[in-house]
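>>> below: sequence and its predicted model.
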Amino acid sequence: MDACIICIGNRRSKMDDFGPRVYERLAAAPLPAGIRLVDGGLAGLDLLRYLESCSRAVFVDAVDGFAGPGELVVLSAAEVADQCIGGYDHGAGLPYLLRVLPRVLDVPVPVVTLVGHEGSADEQAVRIAARLATLIAGREDKDVR
Amino acid sequence: MASRIIRDLPFNRVEGDLEVSIEVSDGRITDAWSAGTLYRGFENMMKGRGPLDGLVMTPRICGICSTTHLTAAARALDAIAGLTPPDNAVRVRNVALMVEHMQSDVRQSVLMYMADFAHEAYRAHPLHAEALGRYAPAAGSSAIDAIRETKRLIEVIGLLGGQWPHSSFMVPGGIAFAPSLANVLQCRQIVGAFRAWYERRVLGCSIERWAAVGDGAALDAWLAERSEHRDGEVGFLLRFGRAAGLDAIGGGPGAFLSYGAFDLPRETAVAAAGGRLLAAGFASGTTIRPFDAGLVAEDVSHAWYRDHGALHPADGETAPYASGQAGRAYSWIKAPRYDGQVIETGPLAEAVVDGRPLFVDLVGAGRSSALVRQLARLTRPALLLPAVDAWLGELLSTHGAPIVAGEGHVPDGEGAGLVEAARGALGHWVRIADGRIAGYQIITPTAWNGSPRDAQGRRGAWEEAMIGIAVADPENPVEAGHVIRSFDPCLVCAVHAVRRRS
């Protein structure tokens, strides 16, 4: 199976438009063979189907509380899932998705990594995150930090 | 009389941009205020854009009901252009919208509403241990089952529309392309698998058996009939909900509105009165009257907008204005009213307006409640699934038939796209002038149900539904939570950043 870069967020909200901006940058140029790019938007749980067709998944999203303002951070699936503090809601995002992932997939669970950005992002951060996500998606080694 | 106001209740599955405050006197809720705390402003984003931009922009209003917004936007353009989509476009539009409804109905019921049954406030409830096993967050058997069995439904939209998420396959007069026979066959397989699970685990019986439940007495008989009925999600909802008293709270305003939905193709095996699977109408109690779109108006007297009196959405505006309104305005949600009345919308309203016997009997007997409202939602797929199956079959047998009318041009003019979203009546009112969008007003179901007070001081639907509820623990009013969640408030689709838990 191939790798998947899934950019999530809301391009209409300054607080949450990092993923869509990285998507637009990645979509503007060809990606290495075997890497699929997904504009995940606000799809939440409905991104499950994309995780059933890849062996590695790299999410790109805005984060809050993991690093200093303007910094990028790379988190493992377990670290993100650990942020799930309750049940499902209309705003259920990546933490809930990754918490339930092992129990709801019909195929082996892919290696999941999150490239997150804290606070407002400039174009340099978008460029670096796009490059980082591509590198992680293309690596065989799951420990990319 | 001991009285206190509790602000910003901890409704952990409607948190974020909904704040609810209640006044409790002698253990009962005596007043309530519901505030939407987030200004979206999509209406203003639309102005000056090309006529087709609503098809791309407005589905991003919501991550759950994006197909509904796409449908409303397309229907508004159909109306402006004077186009009637061909039968196969109607079928594809309908099926895409219906699978979105069905996924939402099951997930909201199991993952949000019945998740409360596992709350520690019910530790003394005789069914609490079973509720924990079913609905414990991210672990209960029913919760996991619901995610597994609904995850493929949305794929139908991708197969029919060529893309999901961010589908924009509906165009003025129809759809952008015809799905292949292979894709339609794949849709049938997905829907068939969902139907088998829904009948086995949610209803505990066939859809045909459920459809025969025609009144309250028949519902009781159905529940007693077989263990499969009692053990299904519907049966557990009834058993737990009745024992918890949810059938006695949250009756709502007693007036119901449905815009109707799912136009019938001109040639189809699906039968329904009035040319649509779900009828449009207004019901006061169970007295049904025809729907008149001219009677819709938005009151902003208690919202943070410039106030020119109640306006029909075709003449409406969305002009944020918070200055000088301290103590009066308390929400970013406007207050839509129908013929000046507070109404509720959603699956229960659809059922009453559509004259479905079970819900007409329950509401007519004065038994409208948070439980009945939720029952209507969890059993709505039983109405939709046979039509989905029929229309997918007709797409196979009529493959190659036209899918679009007209040439895509949208002239200057005005039109409305009215449709039933998963949560109820959704309307897009669009005005095109000089080839650009000159006006765009949207009224969502949550605006109807979660509105603030109007100029006459009348509470919104779920504000009113909370009045009189006995609250065991004012610090943790799960009773009020049940009532609000039975309306399925949808307010938090805007921001999804991964937050570190504190």
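Received the coordinates, thanks.

>>> could you tell me the end-to-end distance of stretch B:316-332?
End-to-end distance for stretch B:316-332: 15 Å, by Cα to Cα, to the nearest Å.

>>> show me where chain A has its helices.
Ranges of helices within chain A are A:18-27, A:48-51, A:77-81, A:94-104, A:123-138, based on DSSP state H.

>>> quick check, residue B:400 in a strand?
No. Residue B:400 is assigned coil when assessed by DSSP: H, G, I helix; E, B strand; the rest coil, not a strand.

>>> among the helices of chain A, which comes closest to residue B:61?
With respect to residue B:61, and counting by Cβ to Cβ, the nearest of the helices of chain A is helix A:18-27 at 15.2 Å. Bear in mind the C-beta positions are built from the backbone N, C-alpha and C, glycine included.

>>> surely residue A:10 touches residue A:18?
No. Look at residue A:10 against residue A:18 with Cβ atoms under 8 Å: they stay out of range, at 10.0 Å.

>>> more crowded one of the two?
Comparing residue A:10 with residue A:18 by other Cβ atoms under 10 Å in any protein chain shown, the one with more neighbours is residue A:18, at 29 against 21.

>>> quick check: the more buried one vs residue A:118, distance?
Counting by Cβ to Cβ, to the nearest Å, the separation of residue A:18 from residue A:118 is 9 Å.

>>> now the common contact residues for these two.
Taking Cβ atoms under 8 Å, 6 or more residues apart in numbering or on different chains as the contact rule, residue A:18 and residue A:118 both touch residue A:62.

>>> list the residues that contact residue B:237.
Residue B:237 is in contact with B:109, B:114, B:371, B:374-375, B:378, counting by Cβ under 8 Å, 6+ apart.

>>> same question for the strand or helix carrying it, mean pLDDT?
Using DSSP states H and E, residue B:237 falls within helix B:233-243. Helix B:233-243 shows a mean pLDDT of 98.

>>> can you check stretch B:389-408 too?
Averaged over stretch B:389-408, pLDDT sits at 96.

>>> residues of it that come out buried?
Of all the residues in stretch B:389-408, those buried under the rule 16 or more other Cβ atoms under 10 Å in any protein chain shown are B:389-392, B:394-395, B:398, B:401, B:403-406, B:408.

>>> and stretch A:75-89, by the same measure?
Under the neighbour-count criterion of 16+ other Cβ under 10 Å, stretch A:75-89 has A:75-77, A:79-81, A:83-84, A:87-89 buried.

>>> how far does that stretch stretch from start to finish?
The straight-line separation of the ends of stretch A:75-89 (Cα to Cα) is 23 Å.

>>> so that stretch, near chain B or not?
Yes. Against chain B, stretch A:75-89 shows contacts by Cβ under 8 Å from any Cβ of the partner chain at A:75, A:80, A:82-89.

>>> identify the residues contacting the nearest residue to residue B:48 once chain neighbours are set aside.
Nearest non-adjacent residue to residue B:48, counting by Cβ to Cβ, 6 or more residues apart in numbering or on different chains: residue B:436, 5.5 Å away. Residue B:436 sits next to B:47-51 when contact means Cβ under 8 Å, 6+ apart.

>>> and those residues, which is closest to residue A:110?
residue B:49 (38.4 Å).

>>> my read: that closest one touches residue B:438, true?
No. If you go by Cβ under 8 Å, residue B:49 and residue B:438 don't touch, sitting 10.2 Å apart.

>>> pLDDT weak spots in chain A?
A:1, A:90-91, A:140-145 (pLDDT under 70).

>>> which other helices and strands contact the lengthiest strand in it?
Longest strand in chain A by number of residues (criterion: DSSP state E): strand A:54-64. Contacts defined by 3 or more Cβ pairs under 8 Å, 6 or more residues apart in numbering or on different chains; DSSP states H and E place strand A:54-64 against strand A:2-8, helix A:18-27, strand A:111-118, helix A:123-138, strand B:498-499.

>>> nearest to residue B:209, out of those?
When the helices and strands packed on strand A:54-64 are compared by Cβ to Cβ, strand A:2-8 sits nearest residue B:209, at 41.3 Å.

>>> can you list contacts of the closest one?
Where contact means Cβ under 8 Å, 6+ apart, the residues beyond strand A:2-8 that reach it are A:19-20, A:22-23, A:26, A:31, A:34-43, A:47, A:50-51, A:53-61, A:93-94, A:110, A:133-134, A:137-138, B:496.

>>> just the buried residues of these.
By neighbour count, with 16+ other Cβ under 10 Å, those hold A:19-20, A:22-23, A:26, A:31, A:35, A:37-43, A:47, A:50-51, A:54-61, A:93-94, A:110, A:133-134, A:137-138, B:496 as buried.

>>> just to revisit the earlier point, okay, and which of the contacts of residue B:237 map to helices?
Filtering those for helices - DSSP H - leaves B:371, B:374-375, B:378.
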